[in-house]
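In: structure of the sequence below:
(one chain, ligands or ions: 2)
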Amino acid sequence: MTQTQVQDIFNRIAPVYDRLNDWFSLGQHRIWKQMTVQWSGAKPGSVAIDLCCGSGDLTRLLARQVGPTGQVYGVDFSENLLAIAKQHYTWTPIHWLEANVLHLPFPDNTFHAATMGYGLRNVSSIPQALQELHRILQPGATAAILDFHRPSQPLLQQFQNWYLNQIVVPYAQQQGLTEEYAYILPSLQRFPLGPQQVTLAYQAGFTHAVHYPIASGMMGVLVTTKSVDS
Ligand SMILES: C/C(=C\Cc1cc(O)c2ccccc2c1O)CCC[C@H](C)CCC[C@H](C)CCCC(C)C
Ligand SMILES: C[S@@+](CC[C@H](N)C(=O)[O-])C[C@H]1O[C@@H](n2cnc3c(N)ncnc32)[C@H](O)[C@@H]1O
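Out: Ligands and ions are numbered 1, 2, ... in the order given. Below you'll find the predicted structure:
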């Protein structure tokens with residue numbers, strides 16, 4: 001799928017994106033995103049960035065974590081999802097940026113922490129995204145990258161496939177978004193498993209990387225740190 005096709009998918013689902021995420025995950029995605037913020041190591045006063053921020057719910061959790069003395073940037077190339085993100089008020093001002101995370105307009109070694117929620121599986125080049133992420137992080141900084149994951153247990157794999165095909169897609173079809181949500185399962189099947197994500201992080205220059213399966217292995221968080229000697 002090309003970058004433009006991905007951009008079009010998210011521009012089209014923008015009006016229902018948050019609501020369907022809450023429904024389909026029974027609200028659990030908010031917990032998964034809070035876990036991601038915790039794993040990023042962001043703390044009060046940090047200068048942090050949320051890549052592929054979409055409608056900004058993870059970005060707002062990051063802003064709450066860094067507090068009024070910190071700074072947060074939310075970056076996405078979906079104009080329609082960013083428009084939704086900008087509608088929300090937050091105590092900590094968030095800098096919203098419409099940009100491609102493969103070509104970020106930030107100097108090297110800028111950020112104390114980074115998050116990415118359900119973005120890595122959707123970029124056109126995972127290695128390039130990880131290299132750009134490594135470049136903008138300060139030495140010693142950590143990124144936490146949340147996405148789908150394929151559970152190792154066959155029964156859970158069958159449940160995940162069934163849920164996506166028999167619950168998610170049919171309901172999305174009622175919203176006229178069949179193609180958009182039918183994209184999830186094949187994108188998940190192409191997505192590297194945890195150990196492969198760790199290898200990709202090391203190849204991008206990170207010196208520490210761990211993948212944590214969550215939600216019975218149906219989701220996962222890659223936590224990776226840039227060397228203090230970078
Ligand atoms: C927030 C979530 C998914 C974000 C998301 C990511 C994508 O790449 C998409 C691509 C195309 C359309 C939409 C998305 C998209 O919304 C995770 C929660 C939403 C999921 C659709 C629900 C998946 C649920 C698990 C497979 C099983 C959960 C079982 C339990 C009932 C919680
Ligand atoms: C599934 S949404 C995730 C949104 C949000 N992070 C969340 O956790 O709900 C994936 C987002 O990645 C964005 N995206 C995909 N590739 C991108 C790229 N190369 N540059 C910027 N944004 C990108 C899409 O526009 C979309 O908003």
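In: flag every residue of the protein that's near ligand 2.
Out: Taking Cβ under 6 Å from any ligand atom as the contact definition, the chain meets ligand 2 at 3, 6-7, 10, 52-54, 57-58, 76-78, 81, 100-102, 117-119, 122-123. For the C-beta atoms, the positions are set from N, CA and C on the backbone; glycine is no exception.
In: please name the residues that touch G194.
Out: 149, 211-213, 220, 222 (Cβ atoms under 8 Å, 6 or more residues apart in numbering).
In: next step: those restricted to strands.
Out: 211-213, 220, 222 (DSSP state E).
In: which of the residues you listed lies closest to ligand 1?
Out: G220 (11.8 Å; Cβ to the nearest ligand atom).
In: P213 is in contact with the closest one, correct?
Out: Yes: using Cβ atoms under 8 Å, G220 is in contact with P213, at 4.9 Å.
In: who has more neighbours, those two?
Out: Between G220 and P213, G220 has the larger neighbour count (other Cβ atoms under 10 Å), namely 22 against 16.
In: pLDDT score for that one?
Out: Looking at G220, its pLDDT reads 98.
In: show me what it is bridged to.
Out: Beta-bridge partners for G220, by DSSP bridges, are D147, P213.
In: which ones are touching it?
Out: Per Cβ under 8 Å, 6+ apart, neighbours of G220: 146-149, 194, 197, 211-214.
In: hmm, try it at 6 Å
Out: Going by Cβ atoms under 6 Å, 6 or more residues apart in numbering, G220 touches 149, 194, 211, 213.
In: grab the nearest non-local neighbour of the third one.
Out: Of all residues not flanking H211 in the chain, G194 sits nearest, at 3.2 Å (Cβ to Cβ, 6 or more residues apart in numbering).
In: need the max-distance pair from the contacts of G220.
Out: H149 and H211 (8.0 Å; Cβ to Cβ).
In: ok, for the residue sitting nearest the centre point of the chain, nearest residue in space, not its chain neighbours?
Out: Nearest to the geometric centre of the chain sits G117, at 1.6 Å (Cα atoms, centre = their mean). For G117, ignoring the flanking residues on the chain, the nearest one in space by Cβ to Cβ, 6+ apart is L58 at 4.2 Å.
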